[in-house]
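**Student:** build me a structure from this.
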Amino acid sequence: MMGPMGMRPGIILLREGTDTSQGKAQLISNINACQAVADAVRTTLGPRGMDKLVASGGGRVTISNDGATIMKLLEVEHPAAKTLVDISMSQDAEVGDGTTSVVLLAVEILKQVKPFVEEGVHPQIIIRNVRSAAAIAVQKVKDLAVHFDVSTPEGEEMLLKTASTALNSKLIASHQDLFAPMIVDAVKSLSADADGLDDLRGMIAIKKIPGGDVRQSFLVKGVAFKKTFSYAGFEQMTKRFSNPK
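**Tutor:** Numbers count the residues shown, from 1 in each chain. Predicted structure coming up:
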């Protein structure tokens, strides 16, 4: 549509004051920002990893070595570095572990491709080869995989070792002898098929009750309700039902 003076109306693509940047310099800046974020969680990885103390603006203090928790509390503002927070959240939602490893792995890939960016290699060529390398790495892991039948004693022992390894970097690492068998027992009681283990995430709940000792934790093979008896005459009410129908 023509304006009153025969001029075309202006089209605003960006808001006033919006800063735009592109090209090689911006790509390198994005990589540097991601490296700075990864350095904040790098020392939390592994059995010798250290906890981080994060103080928020409201005076709340959080002590954790969980990558997803720390990444969420950092309040990252850089647009490219925010993608690290997103992949950490995705890893936590899909797997529940490896939130720090996935961030460090992504940043290490960026670190290795940085020289190619500086030399002017097109990003499409770089990502195409990164995907090819990822496919080769995944195939190599599958080739090295050792398969176990979880219904056998050897398979159950491997499940116990796997659960214990996952607890190494947690606060309850010193109580692996209690929680590792509890985890395996909970999973095996819900699914005898190894292929069905991924569907159990929504069927196992953790109830936290203040007080007591961590060694008092136990597994309930059923449904548990946190409810106290506070009505008149509760002493005479039946507290336990065996084989209910």
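**Student:** contacts for the helix ranked longest in the chain, please.
**Tutor:** If you go by DSSP state H, the chain has its longest helix at helix 123-144. Contact with helix 123-144 is made by 27, 109, 113, 116-117, as judged by Cβ atoms under 8 Å, 6 or more residues apart in numbering. From N, CA and C alone the C-beta is placed, and that goes for glycine too.
**Student:** stretch 108-115 now?
**Tutor:** Contacts of stretch 108-115 (Cβ under 8 Å, 6+ apart): 28, 31, 34-35, 126, 130.
**Student:** check which residues of the longest helix of the chain are buried.
**Tutor:** residue 126 (16 or more other Cβ atoms under 10 Å).
**Student:** excluding its backbone neighbours, what's nearest the residue nearest to the spatial centre of the chain?
**Tutor:** Per Cα atoms, centre = their mean, the C-alpha nearest to the average position across the chain is that of residue 92, at 2.3 Å. Leaving aside its sequence neighbours, residue 92 sits nearest to residue 68 (Cβ to Cβ, 6 or more residues apart in numbering; 4.0 Å).
**Student:** same question, residue 27
**Tutor:** Take residue 27 and drop its neighbours on the chain: the residue closest to it by Cβ to Cβ, 6+ apart is residue 117, 5.1 Å away.
**Student:** got it, and residue 168?
**Tutor:** residue 47 (4.8 Å).
**Student:** and that neighbour, that one's in a helix?
**Tutor:** No. Residue state for residue 47 (DSSP: H, G, I helix; E, B strand; the rest coil) corresponds to coil; a helix is not indicated.
**Student:** what's the local residue count around residue 93?
**Tutor:** 11 (other Cβ atoms under 10 Å).
**Student:** host element of it?
**Tutor:** helix 82-94 (DSSP states H and E).
**Student:** mind listing what's buried in stretch 150-163?
**Tutor:** Quick answer for stretch 150-163 (16+ other Cβ under 10 Å): 150, 156, 158-160, 163.
**Student:** and the residues you listed, which of them are in strands?
**Tutor:** Here DSSP state E is the test, and the buried residues of stretch 150-163 give no hits in strands at all.
**Student:** kindly reformat the residues you listed as TSV containing pLDDT and distance to residue 58.
**Tutor:** Listed next are these as TSV, based on pLDDT from 0 to 100; distance: Cβ to Cβ, whole Å:
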residue	pLDDT	distance to residue 58
150	77	46
156	85	46
158	89	45
159	87	42
160	89	41
163	87	36
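**Student:** what segments of the protein are strands?
**Tutor:** Going by DSSP E, the chain shows strands at 52-55, 61-64.
**Student:** out of those strands, nearest to residue 211?
**Tutor:** Using Cβ to Cβ as the measure, strand 61-64 is the one of the strands of the chain that comes nearest residue 211, at 20.3 Å.
**Student:** so which elements touch that closest one?
**Tutor:** strand 52-55, helix 67-73 (3 or more Cβ pairs under 8 Å, 6 or more residues apart in numbering; DSSP states H and E).
**Student:** chain center to that strand, what's the gap?
**Tutor:** 17 Å (Cα atoms, centre = their mean, to the nearest Å).
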